[in-house]
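Chemist: Here's a sequence, model it:
(one chain, ligands or ions: 1)
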Amino acid sequence: MQSTVSYPDVLLFIDGQWREGHGHDGGAASQPIVNPATEEVIGTLAHASRADLDAALVAAGKGFSTWRHVAPHERYKLMRKAAEILRERTEDIARIMTMEQGKPLPEARLETQAAADIIDWFAEEGRRQYGRLIPARAAGVQQIVHREPVGVVAAFTPWNFPINQAVRKISAALAAGCSIILKGPEETPASCAALVKAYEDAGLPKGVINLVFGVPAEISSYLIPHPIVKKITFTGSTVVGKQLAALAGAHMKRVTMELGGHAPAVVFEDADVEVAVKLLSGAKFRNAGQVCVSPTRFLVHEDIYSRFVDGFTEAVQGVKVGNGLEDGVRMGPLANARRVEAMEALTADAVAKGATLRTGGARIGNKGYFFQPTVLTDLPADARILNEEPFGPIVPIMPFSSTEAVIEEANRLPYGLAAYAYTTSGTRADEFARRVESGMVSINHHGLALPEVPFGGIKDSGYGSEGGTEAMEAYVNTKFVTQLGV
Ligand code: NAD
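Modeler: Below you'll find the predicted structure:
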């Protein structure tokens with residue numbers, strides 16, 4: 001049954017206590033939270049002061065001393081319990097997420113349940129952090145490789161997936177024996193706080209997870225250089241990621257960066273056009289296109305181009321846009337006013353440069369951050385949308401004539417997060433997978449982001465993985481011990 005829970009005010013979680021914030025220097029101690037479908041203020045969010053951050057740092061230091069010595073099997077049991085709690089609370093959490101973020105309720109439910117699966121996966125992985133014994137050259141020597149938790153982690157997560165961006169970082173850190181200070185998303189804080197609460201209610205010791213909010217730049221510039229913090233993990237834009245990676249580098253901190261993308265979606269002439277239209281239109285408008293792996297540059301072979309454009313435009317016109325709490329809504333509002341402005345600017349730029357607007361292109365109504373699902377064709381190479389991450393429901397479709405040309409176009413941008421292709425040729429699929437410069441490639445379906453598979457980019461899309469066995473690497477140090485028996 002659909003939940004009727006009301007939206008909560010959100011506090012900081014420091015040293016096992018939910019508390020008010022004291023506000024950043026000279027600033028407010030809280031900020032309003034806005035429902036993007038109605039523009040109504042639905043709650044308030046506590047802001048951390050420098051003193052609050054210091055308290056979180058001390059708590060995380062103590063939390064690490066406790067948690068690193070908890071046996072992996074005990075950590076596993078507690079994490080599995082947190083996953084169960086999250087599953088039980090899915091309806092309430094999903095409603096809260098839709099109210100603060102805008103995504104349709106079924107997507108919010110899926111995100112919450114997927115988060116529980118991610119916790120389960122990392123709980124299991126934590127029990128398999130094996131070291132190894134390396135055969136020695138000399139008699140009596142024992143060479144051992146240990147894997148030890150990195151220490152206190154500082155994590156920064158954005159508003160597009162309020163729970164899932166956070167759960168990957170928290171759960172990998174906890175499975176490895178680390179503690180964490182998470183700066184959650186200020187615009188969508190309550191569902192993220194509900195994730196932390198599930199861990200609290202599962203019995204996590206004090207200080208192992210600390211959740212803060214405030215002014216992002218103030219918090220990151222204080223936490224990253226701080227000697228208590230040993231590892232930085234950030235999900236967000238490439239511009240901010242580069243600043244944070246530079247700061248982390250200056251202080252020799254380990255880093256994972258999950259940044260922007262501009263995924264090519266290539267439809268070869270031998271593809272099943274109807275299937276490509278159906279799957280790509282489904283994937284593109286998920287979370288209103290505010291997804292780092294969203295298919296973005298649609299590249300369609302000239303022989304099937306008009307069939308694809310007509311079919312895709314028709315599919316797009318059938319996408320029902322509305323308040324994500326209402327039944328049957330496929331696409332909610334954008335998460336904030338900045339995204340609407342960005343969509344208007346990208347569309348205006350393309351049209352001014354000669355692009356054809358096939359459908360959409362405008363804001364819907366004057367309340368709520370709704371934007372029409374939009375299709376553009378006949379774009380010049382310098383259209384901004386072909387070069388900047390749109391992070392919204394706009395689809396530029398370009399024709400191509402040869403495999404060489406399309407691979408060159410797919411690899412043209414500095415991004416390298418996700419790439420998609422549709423083809424019925426195994427040889428062509430293999431060639432695309434080999435030659436495309438991307439951390440993740442999905443062919444003939446959209447199969448990214450499962451807990452057990454690697455998730456991460458190359459080039460300006462960042463480095464490190466947030467899924468699969470690779471994700472644990474980010475939270476462990478290797479220690480080599482060689483010992484001659486005496
Ligand atoms: P933004 O670049 O200001 O912020 C992106 C995220 O980074 C937010 O969560 C924000 O709180 C955080 N952030 C910003 N400055 C920070 C700092 N100095 N220290 C720590 N955290 C900081 O932009 P925005 O308007 O929120 O989003 C716009 C762009 O961000 C999008 O176009 C997209 O490219 C990118 N983005 C990417 C993802 C992703 O999943 N990779 C998620 C959200 C946003």
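Chemist: residues touching the nearest residue to D15 once chain neighbours are set aside, list them.
Modeler: Spatial nearest neighbour of D15, excluding adjacent residues (C-beta to C-beta, 6 or more residues apart in numbering): A59 at 3.6 Å. (Glycine included, C-beta is placed from N, CA and C.) Taking C-beta atoms under 8 Å, 6 or more residues apart in numbering, we find A59 in contact with 14-16, 206-207, 210.
Chemist: Wondering if the helix or strand hosting A59 reaches the ligand at all.
Modeler: For A59, the host element (DSSP states H and E) is helix 50-67. No. If you take C-beta under 6 Å from any ligand atom as the test, helix 50-67 misses the ligand, and the best it gets is 12.8 Å.
Chemist: when you compare where the helix or strand that comes right after that helix runs with where helix 50-67 runs, what's the angle?
Modeler: Next in sequence after helix 50-67, counting helices and strands by DSSP H and E, comes helix 72-88. Going by axes from the mean of the first three to the mean of the last three C-alpha atoms, to 10 degrees, helix 72-88 is angled at 130 degrees with respect to helix 50-67.
Chemist: So for helix 72-88, mean pLDDT?
Modeler: Summarised as a single mean, pLDDT over helix 72-88 is 98.
Chemist: For the next helix or strand along the chain from it, output the C-alpha coordinates as PDB.
Modeler: Once the chain leaves helix 72-88, the next helix or strand it forms, by DSSP H and E, is helix 90-101. Provided in PDB are the C-alpha atoms of helix 90-101 (Å, rounded to 0.1, in the frame of the first residue of the first chain):
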ATOM      1  CA  THR A  90      10.700   0.900   1.200                       C
ATOM      2  CA  GLU A  91       7.300   2.500   0.900                       C
ATOM      3  CA  ASP A  92       7.900   5.400   3.300                       C
ATOM      4  CA  ILE A  93      11.400   6.100   2.000                       C
ATOM      5  CA  ALA A  94      10.300   6.000  -1.600                       C
ATOM      6  CA  ARG A  95       7.600   8.600  -0.900                       C
ATOM      7  CA  ILE A  96      10.000  10.900   0.800                       C
ATOM      8  CA  MET A  97      12.500  10.500  -2.000                       C
ATOM      9  CA  THR A  98       9.900  11.400  -4.600                       C
ATOM     10  CA  MET A  99       8.800  14.400  -2.600                       C
ATOM     11  CA  GLU A 100      12.400  15.800  -2.400                       C
ATOM     12  CA  GLN A 101      13.800  14.600  -5.700                       C
END
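Chemist: Mind giving me the packing neighbours of helix 90-101?
Modeler: When contacts are defined as 3 or more C-beta pairs under 8 Å, 6 or more residues apart in numbering; DSSP states H and E, helix 90-101 packs onto strand 41-46, helix 105-126, helix 189-201.
Chemist: which one of these lies closest to the ligand?
Modeler: For the ligand, the closest of the helices and strands packed on helix 90-101 is helix 189-201, at 10.9 Å, according to C-beta to the nearest ligand atom.
Chemist: Just say which of the helices and strands packed on helix 90-101 is most tucked in.
Modeler: Neighbour counts (mean count of other C-beta atoms under 10 Å) averaged over each of the helices and strands packed on helix 90-101 peak at helix 189-201, with a mean of 24.
Chemist: So which residues make contact with that helix?
Modeler: So helix 189-201 is in contact with 7-8, 10-11, 13, 16, 33, 43, 45, 82-83, 85-86, 89, 92-93, 96-97, 100-101, 108, 112, 115, 157, 162-163, 166-167, 170, 174, 182, 184-185, 208-209, 211, 213, going by C-beta under 8 Å, 6+ apart.
Chemist: go again using 6 Å as the cut-off
Modeler: 8, 10, 13, 45, 82, 85-86, 93, 96-97, 100, 162-163, 166-167, 184, 209, 211, 213 (C-beta atoms under 6 Å, 6 or more residues apart in numbering).
Chemist: what's the spacing between the helix holding A59 and its chain's center?
Modeler: 25 Å (C-alpha atoms, centre = their mean, to the nearest Å).
Chemist: angle of it against strand 41-46?
Modeler: Going by the same axes, to 10 degrees, helix 50-67 makes 70 degrees with strand 41-46.
Chemist: Okay, buried residues for helix 50-67 please.
Modeler: 52-53, 55-57, 59-64, 67 (16 or more other C-beta atoms under 10 Å).
Chemist: avg pLDDT for that helix?
Modeler: Helix 50-67 comes out at a mean pLDDT of 98.
Chemist: what does stretch 317-330 give?
Modeler: The model assigns stretch 317-330 a mean pLDDT of 98.
Chemist: now it, how far from the centre of its chain.
Modeler: 23 Å.
Chemist: Show residues contacting that stretch.
Modeler: So stretch 317-330 is contacted by 37, 98, 102-105, 285, 331-332, 359, 370, 373 (C-beta under 6 Å, 6+ apart).
Chemist: P8 in helix, strand or coil?
Modeler: coil (DSSP: H, G, I helix; E, B strand; the rest coil).
Chemist: dump the residue contacts of the residue of the stretch 1-150 of the chain found nearest the ligand.
Modeler: Nearest to the ligand in the stretch 1-150 of the chain, going by C-beta to the nearest ligand atom, is Q101, at a distance of 11.1 Å. Q101 makes contact with 162, 188, 335, according to C-beta under 6 Å, 6+ apart.
Chemist: Give me the spatial nearest neighbour of it, chain neighbours excluded.
Modeler: Here the residue nearest Q101, using C-beta to C-beta, 6+ apart, is T188, at 4.5 Å.
Chemist: Count the neighbours of that neighbour for me.
Modeler: Counted with other C-beta atoms under 10 Å, residues neighbouring T188 total 29.
Chemist: Helices along the stretch 151-300 of the chain, start to end?
Modeler: 164-176, 189-201, 216-223, 238-250, 273-284 (DSSP state H, counting those that start in this stretch).
Chemist: Pretty sure D310 sits in a helix.
Modeler: Yes. Counting by three-state DSSP, D310 is part of a helix.
Chemist: Who are the contact partners of it?
Modeler: Contacts of D310 by C-beta under 6 Å, 6+ apart: none found.
Chemist: Q317 versus that one, what's the distance?
Modeler: Distance check for D310 against Q317: by C-beta to C-beta, to the nearest Å, it reads 11 Å.
Chemist: what's the answer for V375, then?
Modeler: 9 Å.
Chemist: for K459, what are its contacts?
Modeler: Contacts of K459 by C-beta under 6 Å, 6+ apart are 414, 416.
Chemist: per-residue pLDDT, it?
Modeler: Reading off the model, K459 has pLDDT 98.
Chemist: what's the answer for G27, then?
Modeler: pLDDT, read off for G27, is 69.
Chemist: So G361 sits against T347, correct?
Modeler: Yes. Look at G361 against T347 with C-beta atoms under 6 Å: they come within range, at 4.8 Å.
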